[in-house]
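1. My questions are about this predicted structure, shown below with the sequence.
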Amino acid sequence: MKATYIRVSTLEQNTDRQTTDTNGLIFTDKVSGAILFEERPAGKKLLQSITDGTITELEVHSIDRLGRNTIDILTTIQKITSLGCNVISKKEGLSMMIDGKENPMAKLMIGILSTLSEFELQRIKERQTEGIAAAKIKGTYKTNSRPSGTTETTEQFLSKKKVQNIIKFLKQNHSIRAAAKLSGASVSLVQKVQKLSN
């Protein structure tokens, strides 16, 4: 059976761009690409379905949906293909297996593309750090006005029902992972809430 894996970084982001084919099962994560694939809620379920033999073909919009870290991307692809499941990246036009055998050219291309993806993320972070430093010198830098990855203020973010639920569990001294499980949220969201609510 075919499956499509979708990942966006924030809860507010739209997934439509990544879902052109609705055949088969769809697994969606709303988490940072920095989180290991096997630690993502939908990623875990997908790996289990591949291990069970339910899923034999996995399609992603682009290879960076699997991760931002080169090693994580390559490890994830290796793990999936070793279970007999083909990984297809639509944007790059790559298929990791041909006639049930590993495609060496696709493996080479994936290595290059994932390295470029990681490099670009590092450049974005460097530009962001430079921009913050320049804003601090000018006295125009404001901290904590908006949670990262959103267009809302911290107050708007913290007033959301789901966020309030997370805060409740954190105040009851639950661990970050426990609070995430109890509230049905990702660990990264709970970490963000903890940081902003302290």
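-> Structure's in. What do you need?

2. Show me where the chain dips below the pLDDT cut-off.
-> Within the chain, the stretches with pLDDT under 70 are 11-22, 141-152, 198.

3. Outline the domain layout of it.
-> 2-115, 154-197 (automatic domain parsing).

4. So which residues of this structure form strands?
-> Using DSSP state E, the strands found in the chain span residues 2-8, 25-30, 57-60, 86-89, 94-95, 97-98, 101-102.

5. List the buried residues of the helix ranked longest in the chain.
-> Taking DSSP state H as the assignment, the helix of the chain that covers the most residues is helix 104-138. Neighbour-count burial for helix 104-138 flags 106, 109, 110, 113, 114, 117, 118 (criterion: 16 or more other Cβ atoms under 10 Å). Backbone N, C-alpha and C define where each C-beta goes, glycine included.

6. Which one of the residues you listed is nearest to residue 10?
-> residue 117 (18.3 Å; Cβ to Cβ).

7. about what we covered before: export the domains of the chain as TSV, with columns for distance to residue 139.
-> What follows is those, written out as TSV (distance: least, Cβ to Cβ, whole Å):
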stretch	distance to residue 139
domain 2-115	29
domain 154-197	21
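
8. nearest to residue 134, of those domains?
-> So among these, domain 154-197 is nearest, using Cβ to Cβ, at 22.7 Å.

9. Please look at residue 63 and residue 115 and confirm they touch.
-> No - with contacts counted by Cβ atoms under 8 Å, residue 63 stays clear of residue 115, the gap being 10.8 Å.

10. for the spatially most central residue of the chain, phi and psi?
-> What sits nearest the mean C-alpha location of the chain, by Cα atoms, centre = their mean, is residue 33, with 3.3 Å. Main-chain torsions, residue 33, degrees, to the nearest 10: phi -70, psi -10.

11. Of the domains of the chain, give the one that comes closest to residue 132.
-> domain 154-197 (16.7 Å).

12. residues contacting residue 86?
-> 56, 57, 58, 95, 96, 97 (Cβ atoms under 8 Å, 6 or more residues apart in numbering).

13. Can you give me the distance of the last one to residue 86?
-> If I follow you right, that is residue 97. According to Cβ to Cβ, to the nearest Å, residue 97 and residue 86 sit 4 Å apart.

14. In stretch 91-106, which residues are buried?
-> Quick answer for stretch 91-106 (16+ other Cβ under 10 Å): 92, 94, 96, 97, 103, 106.
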